[in-house]
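Participant: Please work out how this folds:
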Amino acid sequence: MTKEMMVGVDLAKNVFQLHAASLTGHLLFRKKLSPEAFRRFMAEHSPAIVVIEACGSAHYWAREMAKHGHEVKLIAPRYVRPFVKRQKNDTADAEAIVIAAQRPEMRFVEPKSAEQQGKAILFRARERLVHQRTELINALRAYLYEYGYVVPQGTRQLGRIEDILNAPNCDLPDLVHEECRSLLEQIAEKTIRIEAQTGKIKKLAAEADTARRLQTIPGVGPMTALAVEAFAPPMEIFRCGRDFAAWLGLVPRQFSSGGKERLGRISKAGQTDIRRLLIVGAMSRLNWLSRQSIVNGSWLAQMLMRKPRMLVAIALANKMARTIWAMIVRKEDYRVPAEATVV
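Facilitator: Predicted coordinates for the structure are as follows:
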């Protein structure tokens, strides 16, 4: 059945604003509904193209609308903003969503499945615990610094802090000593929770076929593999691996004009979690121990001779992103470049 109507939905917590128009842009109706009324209305409505601004609950409502036979498209808020007329309100936002979605060159966000969102929540929960532990460690270091004890950064320094507190000549006041002990207990509790979350992630990465395949890439571990499964859209929507790397923000920012190409720093305009983990994985391949396994005369060895290590790491992360795209699309395991050339 051909869908002859496009419905733009501006989501909120208690009120949904609808703007329906024909595919030629003529207004059909406007409605303001509660979430449950919106659900009932769309269940009884004939199949249409439903366009939702990508936000917190957008993926859930995309799945709900798809159950009723509607074609759902999610659109990034930054692409809707230029089409808002004069004052910003719910009615104007819903109309702008339809106008933006009718542009033939518009790009849309792929809806996520419930399983994908669950993995993303697990990943973000672990990240939140890591940030909270880091905050506690920095607070503990700051307390000690006020009394002349300088402790370097990192979780490895917790043993040094315990030695300071257990020293017989420790001159910290009793109140400060008790507070530092309390912070150490909180840090230990966070560490236990982080390890439990890490175990869940490793288990999920071992069970999923795609995540298992991605872990054959040097520098890609369970965290990176699960992040790709949780946050990346289907790889088939990208024409090539370079498009996926650009989507991650692993390409230089352009300031080109008049036919002259000007490239700046890395754009960082893509998915933050995957990009960060790929760069961390690339840096792990360039440390002193792993650098010994780099083949002389290879692309990576030549880059290290000519460029700074951080720049090489970003270039390697870009290459890893293109490798991930090729492996998922072709459903192949990683092949060492030296072995691949022989085949």
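
Participant: Okay, now the unreliable bits of the stretch 151-300 of the chain?
Facilitator: For the stretch 151-300 of the chain, the stretches with pLDDT under 70 are 289-290.

Participant: let's go with 80 and repeat that
Facilitator: Applying pLDDT under 80 to the stretch 151-300 of the chain picks out residues 254-259, 261, 263-269, 288-295, 297.

Participant: For it, which segments are assigned as strands?
Facilitator: Secondary structure of the stretch 151-300 of the chain (DSSP state E, counting those that start in this stretch): strands located at 252-254, 263-266.

Participant: Which positions within the last one qualify as buried?
Facilitator: By that I understand strand 263-266. Under the neighbour-count criterion of 16 or more other C-beta atoms under 10 Å, strand 263-266 has I266 buried. The C-beta positions use only the backbone N, C-alpha and C, and glycine is treated the same way.

Participant: What lies in contact with it?
Facilitator: Outside strand 263-266, the residues that touch it by C-beta atoms under 8 Å, 6 or more residues apart in numbering are 249-256, 314.

Participant: got JSON lines for these, with distance to A114 and neighbour count too?
Facilitator: Output for these, formatted as JSON lines (distance: C-beta to C-beta, whole Å; neighbours: other C-beta atoms under 10 Å):
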{"residue": "G249", "distance to A114": "27", "neighbour count": "17"}
{"residue": "L250", "distance to A114": "29", "neighbour count": "29"}
{"residue": "V251", "distance to A114": "32", "neighbour count": "20"}
{"residue": "P252", "distance to A114": "37", "neighbour count": "13"}
{"residue": "R253", "distance to A114": "35", "neighbour count": "13"}
{"residue": "Q254", "distance to A114": "37", "neighbour count": "11"}
{"residue": "F255", "distance to A114": "41", "neighbour count": "10"}
{"residue": "S256", "distance to A114": "41", "neighbour count": "9"}
{"residue": "I314", "distance to A114": "34", "neighbour count": "21"}
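
Participant: need these in CSV with distance to E162, can you?
Facilitator: Converted to CSV, the contacts of strand 263-266 look like this (distance: C-beta to C-beta, whole Å):
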residue, distance to E162
G249, 40
L250, 40
V251, 45
P252, 46
R253, 45
Q254, 51
F255, 51
S256, 55
I314, 38
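
Participant: so which pair among these is furthest apart in space?
Facilitator: Greatest spatial distance in those: S256 and I314, 19.9 Å, computed using C-beta to C-beta.

Participant: Distance check, S113 against P104.
Facilitator: Noted for S113: a distance of 28 Å to P104, by C-beta to C-beta, to the nearest Å.

Participant: coming back round to it: between the strands of the stretch 151-300 of the chain, which one is nearest to M5?
Facilitator: Closest to M5 of those is strand 252-254 (C-beta to C-beta; 38.0 Å).

Participant: if we can go back for a sec, of the strands of the stretch 151-300 of the chain, which is nearest F16?
Facilitator: With C-beta to C-beta as the criterion, F16 lies closest to strand 252-254 of the strands of the stretch 151-300 of the chain, at 36.6 Å.

Participant: That closest one: partners in the sheet, and parallel or antiparallel?
Facilitator: Sheet pairing for strand 252-254, assigned by DSSP bridges, gives strand 263-266 (antiparallel).

Participant: Pull the contacting residues for the closest residue to L183 other than its chain neighbours.
Facilitator: Take L183 and drop its neighbours on the chain: the residue closest to it by C-beta to C-beta, 6 or more residues apart in numbering is L140, 4.5 Å away. Neighbouring residues of L140 by C-beta under 8 Å, 6+ apart: 161, 180, 183-184, 187.

Participant: you'd agree L140 is in a helix?
Facilitator: Yes. Assessed by DSSP: H, G, I helix; E, B strand; the rest coil, L140 belongs to a helix.
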